[in-house]
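Student: here is my input, please return the structure:
(4 chains)
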Protein chains: 2
Amino acid sequence: MQLVPALNAPPDVYLANCPCRSVLDLLADKWSALALGALVDGPLRFGEVKRRLEGISPKVLTAVLRRLEEHGLVDRTVYPAVPLHVEYALTELGRDANAPLDALRRWVEANIERFP
Amino acid sequence: MQLVPALNAPPDVYLANCPCRSVLDLLADKWSALALGALVDGPLRFGEVKRRLEGISPKVLTAVLRRLEEHGLVDRTVYPAVPLHVEYALTELGRDANAPLDALRRWVEANIERFP
DNA sequence: CTGCATGGTATCCGAAGGGAACCAACTTCC
DNA sequence: GGAAGTTGGTTCCCTTCGGATACCATGCAG
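Tutor: Below you'll find the model as predicted:
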C-alpha cells in the first residue's frame, strides 16, 4: 500500500472556482431553503408549493424549482390530465440537502427573539 | 397557574410577514454564510475577510458586513491608526448563527461529488 | 357562453451584483 | 521634495436578478 499525493485539493467553499461555491449559492438562498423544506413531507403541485412559500411570485417559483431540478435535488413529473397536473418531489439528494437547511430554519425560528 | 391562550402565533419562516423571514433572508445568503464562517476563529480586518471570501468585490463585502452589523451578528471596531485599522468580530449571536451555517458549508463540501 | 382551475409566460421596473477605477490620509523610500 | 505603498473603503457603470402584475391555453361545469 502506497500513499498517493493528493492530486486535487479538498473541496472548499471559500475558493472561488470550487464547484462547492455554486452549490452553496444554490442552497444558501431564501426560496430554495424554503422550497426544499416544503417538499420534505411528500410531493406537491406547483400551486401547493406556491401557497406554502407565502409571498413568492409564480415567475420566481418557476425559476427556483427549475434550478433545483437542474441540480438533481427535485424531480418534476407531469401528469397530462385536465386540468394539467404537475408534481414536484425531492430526490434523495434533495432530502439530504434539506437536513442542514432544516436546522437553519429551526435555528432562526428558535432564536428570532434575540435579534434586535 | 393558568394557561394563557397564545397571543402571537409561533414564529414560522413560511409566513411572509414573520420577522423570521427577513432573518432567513439575511442568513440564507452565499456571502453572509461565508463571512460568518470566516470570522469564527477571531476578528479579521476588512482586507483579510476579502481575501478569504475569494471573488467578492469590496463593494459587496462592505454591504454584507454592514448588514450583518445592523442585525447584531458582527461588531465593527475602528482603530484610528495609520494606516486605518478596522476589525470585524462575531457577536455571541453571530457565533450561534454560524453553527447551522457551518453545518451547511460542511454538508456541501462533503457531498459535492453527488451533484450532477 | 361565461366562469373557474391549473401551471405556468410575458412584460415591466427597480434593486442588487459585479468589475474597475479612484480616493484620503499618512508613512516610508529614493 | 517628491513618488509610491498601505488600508478601507466609495463611485461609476452596466448587467442581471427579483418581484409585481397581467395574461394565456386547455378543458370542464353550469
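Student: now the helices for chain A?
Tutor: A:19-27, A:30-39, A:46-52, A:58-70, A:92-111 (DSSP state H).
Student: would the third one count as contacting DNA strand D?
Tutor: Just to be clear, that refers to helix A:46-52. No. Using CB under 7 Å from any atom of the strand, we find that helix A:46-52 stays clear of DNA strand D, coming within 10.5 Å at best. Backbone N, C-alpha and C define where each C-beta goes, glycine included.
Student: will you turn the helices of chain A into a markdown table that also has distance to DNA strand C and mean neighbour count?
Tutor: Listed next are the helices of chain A as a markdown table, based on distance: least, CB to the nearest atom of the strand, whole Å; neighbours: other CB atoms under 10 Å in any protein chain shown:
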| stretch | distance to DNA strand C | mean neighbour count |
| --- | --- | --- |
| helix A:19-27 | 8 | 20 |
| helix A:30-39 | 11 | 22 |
| helix A:46-52 | 4 | 16 |
| helix A:58-70 | 4 | 15 |
| helix A:92-111 | 16 | 18 |
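Student: need these in TSV with mean pLDDT and distance to residue B:25, can you?
Tutor: Formatted as TSV, these follow (pLDDT from 0 to 100; distance: least, CB to CB, whole Å):
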stretch	mean pLDDT	distance to residue B:25
helix A:19-27	94	14
helix A:30-39	96	5
helix A:46-52	95	17
helix A:58-70	95	13
helix A:92-111	97	10
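Student: in a markdown table, list those helices along with distance to residue B:98.
Tutor: Shown next, in a markdown table, are the helices of chain A (distance: least, CB to CB, whole Å):
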| stretch | distance to residue B:98 |
| --- | --- |
| helix A:19-27 | 14 |
| helix A:30-39 | 16 |
| helix A:46-52 | 28 |
| helix A:58-70 | 25 |
| helix A:92-111 | 10 |
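Student: got the residues of chain A near DNA strand D?
Tutor: Within chain A, the positions lying close to DNA strand D (CB under 7 Å from any atom of the strand) are A:29, A:31, A:55, A:56, A:57, A:58, A:59, A:60, A:63, A:82, A:83, A:84.
Student: need those in CSV (columns: distance to residue B:72).
Tutor: Output for those, formatted as CSV (distance: CB to CB, whole Å):
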residue, distance to residue B:72
A:29, 22
A:31, 24
A:55, 24
A:56, 27
A:57, 30
A:58, 35
A:59, 33
A:60, 29
A:63, 32
A:82, 52
A:83, 48
A:84, 46
